[in-house]
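# Sequence and computational prediction follow.
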Amino acid sequence: MNCQRVQECFIDYQDGSLPAGESAELRAHLASCPVCQREWSALQEITRKLDALPDAPEPSPRLREQFYAMLDTHQREADAPSPFALARGRIDRFFAALLPTQPALQFAFSVALLIGGLFAGRHFMTKPVVIAPVDDSAKTELAALRAQVNSMGQLVTYSLLQQQSTSERLRTVLATMDLKSPDRKILTDLVGSLAFDPSINVRLTAVEALAQHADDSLVRAGVLSALPRETAPLVQVAMIELLAGARDQSAKPVFEKLSRDEALDRNVRESARRALAVLRLPAPPANNPTATIKANAEPALT
Amino acid sequence: MLLAAAQLRVPSQPFAVNLPVAVETPTDHDLMIAVRAGEIRQLGELFERYHRRLYGFFVRLTNQPSISEDLVQIVFYRILKYRHTYRDEGKFSAWIYHLARKVAADHFRKHASTPAPIDPANLVEHADPEPQPSEQAAISEDVTLLRTAIAHLPLIHREVLVLSRLQHLDHKEVARLLDCSIGAVKVRAHRALKELREIYFKIRKEKTA
C-alpha cells in the first residue's frame, strides 16, 4: 500500500467499513510512515471536533405554529371537494346503486345484456330482409291491405258528403262510383243527397251513382220515396228510369200518378208512361239488370 | 430497492436515540402514503419526526437560524404540494432530504450563492450566555471557530460534511442524494475534512495572532 492508496482508505477506515485485510495493511503502513501518520491524526482531530459539535439549537416555537397553520389550511382545502367532484361522486353512486356489486352478478348481468342485444338484433334486423313473399300468408296480408285502403276510401266519402261546396259534394258523389261495393252508410248518404241536396247536378249524379246499385231494395225504396218530392224534370226522369230498369213493381202507383199529373214536365209524364209499360212486360231473361238500365237511361238523359 | 433501503436503515439506528422518532407502528412511509391519500393531518407526525433534523441541516448549511426555520417550512410546504409525486416504493427520509437540498439550493441561488459569513449576533445567540469555567469556555470558543470554518467551506463540501457527519446519513444515501457514486462521496468527504481542517487552523492562527 502506498501513501495515496492509504489516504484514500482513511474515510472507510474511520467508518469501520474497510475490510479486515486492508485495515491490517493500513495499520502496518501507518506504523511505518510518519507523513500518513500526521495526516491520519489530523483527520481524526477534525472529525472528533465535528462530532463534538453540539446539536443544532432547537428551532423557535414559531416554526411549529407556522407549520400547523399551513397544515390546517391544506386539510381544509382537501376536505372541501369541488362541486364538480361532488356531482360526479353523486352520479357515480347513482349508477353504482343501479348495477350489481358482486362480480358474479356483474358477469351474469353482462351476459344477459349481450344475449338480450343479440336477440333484439335478430328480431329487428331480419324483418326488412324478407322480399316479396309468394305464400298464402302474404296473399291474405295483401287482401287485408286492400280492404284497409277500401275502408279508408269510405271514410273519406263519409266526410266529404258533408261538404258545403256544391262542387265538392259532386266530386264526392262521383268518387263513390269508383267504390265497387259501397256499404250501407254510403248508399244511405247517396239517397240522402238525392232527396235533400239543393243542387240539381248533385242529385242527378247521385241517381247515376245509385243506378249501379239498383238491385238493392234499400236504394230502390230511397229513390221511390224521393221521387214524389223531386221537382227537376231531369232528375225525375233519371229516377223513373232507374226504378223501371230495376223493374220495381212497388213504383207502379207513383208512376201512374206522375203520368197523369198535368203540372209536370211532358218528358216526365212520357217517361213515367214508358216505365209503366216496362213494368207491365214480363221480366227479361237477362241476368244483368244494369245493362238494360244503361241502355234505357242514355237516350232519356240526352 | 428494498435491499438498499434495508441497508440504508441500519446505520441510522445508533443515532435514533437522540431523535424524536417514536416507536409507534406507522413508519414514515406509511404516514406519507396516508398524506398522499388526502389525510393531510398525518404530516404533523412526520413534522415532529423530521423538523429538528431538517432545521439542523439548514442551520449548518446557512448559519442563519431564522432563515433555516423558513426553509424547513418551505420543505414541508413542498411535501404537501408535491405529495402526489411520492412513490409507493419511495423512502421518505431520502425524499425529504432531496427536497431539503433543493430548497437550500434555491435559497443560495437567490442570495448571491455564497452563504452569509457567520453573523456574530447569531453566534452570541448560540453561545451559552452563562459565565463558563475556563475549560468550557475554551470548548465553546472551539465550537464557534469550527462553525465559522464550516461556513467558509464551499457549498459542495459543506453539504457532504453536513449530510454525512452531522446528519449521520450513510455514504450510499448521500451518494444518491448528490447523484454521484459512493466513491465520489468518500473522496469529497475526505477533501472536505482536509479543507475544513486547513480553514480551521488558519482562522485560529488569525485569532491568536
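Arrived safely, thanks for sending.
# going forward, measure contacts and count neighbours with C-alpha atoms only.
OK.
# quick check, the stretch of helix or strand A:Gly89 belongs to touching chain B?
Element membership for A:Gly89 (DSSP states H and E) is helix A:83-98. No: figure legend: helix A:83-98 not in contact with chain B (CA under 8 Å from any CA of the partner chain); closest approach 14.5 Å.
# what is the rounded mean pLDDT of the helix or strand following that helix?
Downstream of helix A:83-98, the first helix or strand assigned by DSSP H and E is helix A:103-125. Mean pLDDT, helix A:103-125: 89.
# any residues touching helix A:103-125, and which ones?
With CA atoms under 8 Å, 6 or more residues apart in numbering or on different chains as the test, helix A:103-125 has contacts from A:Leu99, A:Pro100.
# Let's check: the centremost residue of the chain is which one?
Using chain A here. A:Phe124 (13.5 Å; CA atoms, centre = their mean).
# switch to chain B, that's the one I care about
Against the mean C-alpha coordinate of chain B, by CA atoms, centre = their mean, the closest residue is B:Phe57 at 2.2 Å.
# Hmm, it is touching B:Arg165, no?
No: contact between B:Phe57 and B:Arg165 fails when scored by CA atoms under 8 Å: they sit 10.8 Å apart.
# And the nearest residue to A:Ser199 once chain neighbours are set aside, how far from A:Asp189?
Leaving aside its chain neighbours, A:Ser199 sits nearest to A:Thr166 (7.0 Å; criterion: CA to CA, 6 or more residues apart in numbering or on different chains). A:Thr166 is 15 Å from A:Asp189, where distance means CA to CA, to the nearest Å.
# pretty sure A:Leu194 contacts A:Ala226?
Yes: counting by CA under 8 Å, A:Ala226 is a contact partner of A:Leu194 at 7.1 Å.
# Among those two, which residue is more densely surrounded?
More crowded of A:Leu194 and A:Ala226, by other CA atoms under 10 Å in any protein chain shown: A:Leu194, with 27 against 18.
# What number of residues are in the vicinity of B:Asp179?
With other CA under 10 Å as criterion, B:Asp179 counts 11.
# quick one, phi/psi of it?
When read as degrees, to the nearest 10, the backbone of B:Asp179 gives phi 60, psi 50.
# cool, A:Glu230 as well?
Torsion angles, degrees, to the nearest 10, at A:Glu230: phi -70, psi 140.
# thinking again about what came up before, by contact count, what packs against the helix holding A:Gly89?
Using 3 or more CA pairs under 8 Å, 6 or more residues apart in numbering or on different chains; DSSP states H and E, no helix or strand is in contact with helix A:83-98.
# Any idea how far that helix is from the middle of the chain?
Mean-position distance between helix A:83-98 and its chain equals 32 Å (CA atoms, centre = their mean, to the nearest Å).
# same thing with stretch A:268-277?
63 Å.
# any idea of the mean pLDDT in that stretch?
The average pLDDT for stretch A:268-277 rounds to 87.
# now the residue nearest to the centre of chain A: how far from B:Gly56?
For A:Phe124, the distance to B:Gly56 equals 78 Å [CA to CA].
# Can you read off the pLDDT for the residue of chain A positioned farthest from its centre?
Residue farthest from the centre of chain A, counting by CA atoms, centre = their mean, is A:Ser32 at 106.1 Å. Listed pLDDT for A:Ser32 reads 90.
# Tell me the buried residues in stretch B:194-208?
Neighbour counts over stretch B:194-208 (16 or more other CA atoms under 10 Å in any protein chain shown) mark B:Lys194, B:Glu195, B:Leu196, B:Arg197, B:Ile199, B:Tyr200, B:Ile203 as buried.
# Which ones among those also lie next to chain A?
Answer for the buried residues of stretch B:194-208 near chain A (CA under 8 Å from any CA): B:Lys194, B:Leu196, B:Arg197.
# any idea which of those is the one closest to chain A?
Nearest to chain A, judged by CA to the nearest CA, of those is B:Arg197 at 6.0 Å.
# That closest one contacts A:Thr47, correct?
No: using CA under 8 Å as the test, B:Arg197 is too far from A:Thr47 to be in contact (9.1 Å).
# which among the ones next to chain A among the buried residues of stretch B:194-208 gets closest to A:Thr73?
Using CA to CA, B:Leu196 comes nearest to A:Thr73 of these, at 43.3 Å.
# okay, that closest one: pLDDT?
B:Leu196 is given a pLDDT of 91.
# check contacts around it.
A:Ile46, B:Ala149, B:Ile150, B:Leu153.
# how close does the residue of the stretch 1-150 of chain A found nearest chain B get to A:Val35?
For the stretch 1-150 of chain A, the residue closest to chain B is A:Ala56, as judged by CA to the nearest CA, at 4.9 Å. Noted for A:Ala56: a distance of 35 Å to A:Val35, by CA to CA.
# who has more neighbours, the two?
Set A:Ala56 next to A:Val35 and count neighbours by other CA under 10 Å: A:Ala56 wins out with 18 against 10.
# State the three-state secondary structure for that one.
Of the three states, A:Ala56 takes coil under DSSP: H, G, I helix; E, B strand; the rest coil.
# What helix or strand is the closest residue to it other than its chain neighbours located in?
Excluding the flanking residues, the one nearest A:Ala56 by CA to CA, 6+ apart is B:Gly56, at 4.9 Å. Following DSSP H and E, one finds B:Gly56 within helix B:43-62.
# B:Leu169 too?
Under the assignment given by DSSP H and E, B:Leu169 is not contained in any helix or strand.
# Could you check how many residues crowd around the closest residue to it other than its chain neighbours?
Nearest residue to B:Leu169, sequence neighbours excluded (CA to CA, 6+ apart): B:Leu163, at 5.7 Å. By the measure other CA under 10 Å, the count of residues near B:Leu163 is 23.
# Quickly list the domain ranges of the chain.
In the absence of a named chain, chain A is used. A:3-50, A:150-301 (automatic domain parsing).
# wrong chain, I was asking about chain B
Segmentation of chain B into domains, based on automatic domain parsing, reads B:1-115, B:117-209.
# what about B:Ile40, how many neighbours?
Residues near B:Ile40, counting by other CA under 10 Å: 23.
# what pLDDT does the closest residue to chain A within chain B get?
Distances between chain B and chain A by CA to the nearest CA are smallest at B:Gly56, namely 4.9 Å. As predicted, B:Gly56 sits at a pLDDT of 89.
# Name all residues that make contact with it.
Counting by CA under 8 Å, 6+ apart, B:Gly56 touches A:Asp55, A:Ala56, A:Pro57, B:Gln167.
# how much space between it and A:Thr188?
Per CA to CA, B:Gly56 is found 115 Å from A:Thr188.
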